[in-house]
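**Student:** this is a predicted model, with the sequence first.
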Amino acid sequence: MFLVLGLCSFMEIKAQGMLVEVSLERQVDKSSLVVEGRVVEKKSVWNAQKNRIITINTVEVLKRFKGKSDLRINVLTPGGTVGYITQRVTPSLTLKKGDIGVFALYNSDMDLVTGSASTIKQYKPYSSLQGFYKYDLLNSTAANPFSKKKNIEAGLYEQITRITGEPYKDMLFFRLSEVAGETGRSKNALAPVISGLSPLELSAGTGEQLTISGSGFGSSGTVEFKNADDGGETFVAALDSQIVSWSDSQIVVEVPSGAGTGSVKVTDNSGVSVESANNLVVVYALSNRIMENGQALQIQHIGLGGNRIEWNMNEGFEANTQAKEAFMRAFDTWRCNTGINWQMGAETSINKGVIDGVNAVLFDDNDPLDDGVLGECRIVTNGCEGGVRAVVVELDVVFNSDINSSQTVADESWYFGEGAPAYDQYDFESVALHELGHGHLLAHVIDSGDVMHYAISNSETQRSLNAHNETAAGIIQNFNTTTQVCGQIVMGSYSGQGCNLGIQDLDLANALLVYPNPVNSLLYIENGSSVSLTKVVLYDLSGRVVLQRDLSPSSEGVNTINVQQVSKGLYMLNLFLENTVVNKKVIVE
């Protein structure tokens, strides 16, 4: 059952679960077809049940490494747009027209609603987005989330043919060097120069702006950031609407959702590129919804069950006591630390994470995940036409029920306990905490010490939130509780029942006084605790930083913040005290 909010469009985000590397050898072995190809067409359609959208990517086959292939094939990937409805699925392979690379594929029997029968054979990528090695022709590299082949011909081609034991076959005339020349780089062209990035630490998907200084940028072009969804192996481009200004010596750009820590690439309008010597550090990221008109919208929750969101465990998941307890520990970590009003309801017989109005928690026995994916959070969002925000109308979390069926080590398994997992185990609570972070609308970062890192290692644990996680979640929760969207119910805050908050945590929050509130000039922050206040950050309702002040480590007593230049409205004030963050709401008059 859909929740309809007037003239709307829907989006399902199947947030990228923690990935486990699938080797090239396994990909080639398990695939029925391995080809080099170029995407020439794209079209999105419903599946037969009309509960998922599939994109048909028509691929022109250039080389064949394994299997039998026609000159054109269809590669099916989850997600796309049909009419007003948009479904975005991650982790999954998202292709653009013109993309070239090597595809590891298997036969698809999916029944699609296309309007007419297709005579072109259909395939799916093996191991999700790992099943495509995207070419960077200018640098002769091919990359997926875990691997970058530095030389396409001498590296990737040779490795695949060694695995298959057969030479590849040219299907169409294609030379890498000639296609690279078509991209617009001239040997005599002067590359743009990046002299600096400011600031060097930002958030993504919040509207924060990066200034890129240098020369030779021309009058237009593209800005790309390291892709947090694959650990920075590829780049993600800022939308045209996110380019604030562009001159020959300076570019101002909003950091897009999906951007991660690493270098920044500028490409001028003649196709000449340069990467920054310095790295931009993306400390946290929020999920955005990308509209058909190229606008990025903030997403927030609404009160689906009154002023809360109710989840339901599948009966099989519920019966697995260890899995249930580990999941609830992760569940409580988010709602107790951020106040998001999540409640656990009765068990359900629903056994698939499809759009059905039920916020389900389940194993993938009846809804198989791709090889190399430990878990997924699937989010359905809805946005009113002409609105500036989208809202969550459904959440589903799906876990891999049989890890060792998709790994090269036969005895790998889940660890459900609270101790230390063995070398051949993956920590269930850590994966659940990550997937619920996506449900809280946090996006990936590139930081192996952060629970929102895109991948996890065997025997690794990530069972707690850091200050950046809490800041990002606090922005979303501020939207949830203060901003009514499409006439729907705003969410409340979780009461803390069962959180077992320590006396020290409560005392710390109560010891920080912020006054006067409302304020029109000077805001006083009185720290009555023995813990040092190190930084204060003021955010507006879109999540943008409007004021920030670093304080000395010994900042106790009363600190004064001047807000005279801040526009009237409701803001969220984050108070950083060593390893914790306290959130306060402030009204500027």
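**Tutor:** Alright, I've got the coordinates.

**Student:** next, give phi and psi for residue 323.
**Tutor:** Note on residue 323: its backbone torsions stand at phi -60, psi -40 [degrees, to the nearest 10].

**Student:** ok, and the closest non-adjacent residue to it?
**Tutor:** Closest residue to residue 323 apart from its sequence neighbours, by CB to CB, 6 or more residues apart in numbering: residue 416 at 5.8 Å. To be clear about C-beta, it is placed using only N, CA and C from the backbone, and glycine gets the same treatment.

**Student:** residue 101 is in what secondary structure piece?
**Tutor:** Following DSSP states H and E, one finds residue 101 within strand 100-107.

**Student:** got the CA positions of that strand in CSV?
**Tutor:** C-alpha atoms of strand 100-107 as CSV (Å, rounded to 0.1, in the frame of the first residue of the first chain):
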residue,chain,number,x,y,z
ILE,A,100,32.6,1.7,-21.1
GLY,A,101,34.1,-1.2,-19.2
VAL,A,102,34.1,-5.0,-18.5
PHE,A,103,30.9,-6.6,-17.4
ALA,A,104,30.6,-9.9,-15.4
LEU,A,105,27.1,-11.1,-16.1
TYR,A,106,24.6,-13.9,-15.6
ASN,A,107,21.4,-14.7,-17.3
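
**Student:** what's downstream of that strand, the next helix or strand?
**Tutor:** Going down the chain from strand 100-107, the next helix or strand is strand 112-113, by DSSP H and E.

**Student:** that following strand pairs with which strands?
**Tutor:** Strand 112-113 has the following sheet partners, assigned by DSSP bridges: strand 33-47 (antiparallel).

**Student:** picking that back up, list the residues that contact the residue nearest to residue 323.
**Tutor:** Shown in contact with residue 416 (CB atoms under 8 Å, 6 or more residues apart in numbering): 322-323, 325-326, 428-429.

**Student:** give the closest residue to the residue most central in space within the chain in space, chain neighbours not counted.
**Tutor:** Centroid-nearest residue in the chain: residue 443, 3.8 Å away (criterion: CA atoms, centre = their mean). Spatial nearest neighbour of residue 443, chain neighbours left out: residue 285 (3.9 Å); criterion: CB to CB, 6+ apart.

**Student:** for the one you found, name its beta-bridge partners.
**Tutor:** Assessed by DSSP bridges, residue 285 has beta-bridge partners residue 204.

**Student:** coming back round to it: mind putting the contacts of residue 416 into a markdown table with pLDDT, distance to residue 89 and secondary structure?
**Tutor:** Formatted as a markdown table, the contacts of residue 416 follow (pLDDT from 0 to 100; distance: CB to CB, whole Å; DSSP: H, G, I helix; E, B strand; the rest coil):
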| residue | pLDDT | distance to residue 89 | secondary structure |
| --- | --- | --- | --- |
| 322 | 96 | 29 | helix |
| 323 | 96 | 24 | helix |
| 325 | 96 | 29 | helix |
| 326 | 97 | 25 | helix |
| 428 | 96 | 23 | helix |
| 429 | 97 | 25 | helix |
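
**Student:** okay, now the residue nearest to residue 443: neighbour count?
**Tutor:** Neighbour count of residue 285, defined by other CB atoms under 10 Å: 27.

**Student:** roughly how far does it sit from residue 32?
**Tutor:** Going from residue 285 to residue 32 by CB to CB, to the nearest Å gives 36 Å.

**Student:** ok, which stretches of the stretch 1-150 of the chain are strands?
**Tutor:** Here the stretch 1-150 of the chain has its strands, by DSSP state E, counting those that start in this stretch, at 8-15, 33-47, 53-66, 72-78, 80-82, 85-89, 100-107, 112-113, 122-125, 132-136, 141-144, 147-149.

**Student:** and residue 347, which of these is closest to it?
**Tutor:** Ranking the strands of the stretch 1-150 of the chain by distance to residue 347, with CB to CB as the measure, places strand 8-15 first at 22.8 Å.

**Student:** average pLDDT for the closest one?
**Tutor:** For strand 8-15, mean pLDDT rounds to 44.

**Student:** quick check: beta-bridge partners of residue 550?
**Tutor:** Counting by DSSP bridges, the residues bridging with residue 550 are residue 535.

**Student:** how far away is it from residue 559?
**Tutor:** Distance, residue 550 to residue 559, using CB to CB: 11 Å.

**Student:** more neighbours: those two, which one.
**Tutor:** Neighbour count, other CB under 10 Å: between residue 550 and residue 559, residue 559 has more, with 17 against 10.

**Student:** if we can go back for a sec, just the buried ones among the contacts of residue 416, please.
**Tutor:** With burial judged by 16 or more other CB atoms under 10 Å, the buried subset of the contacts of residue 416 is 323, 326, 428-429.

**Student:** mind putting those residues in JSON lines, distance to residue 144 included?
**Tutor:** Supplementary listing: the buried ones among the contacts of residue 416 in JSON lines, determined by distance: CB to CB, whole Å:
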{"residue": "323", "distance to residue 144": "30"}
{"residue": "326", "distance to residue 144": "30"}
{"residue": "428", "distance to residue 144": "26"}
{"residue": "429", "distance to residue 144": "28"}
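
**Student:** what is the nearest of these to residue 132?
**Tutor:** Of all the buried ones among the contacts of residue 416, residue 428 has the smallest distance to residue 132: 28.8 Å, by CB to CB.
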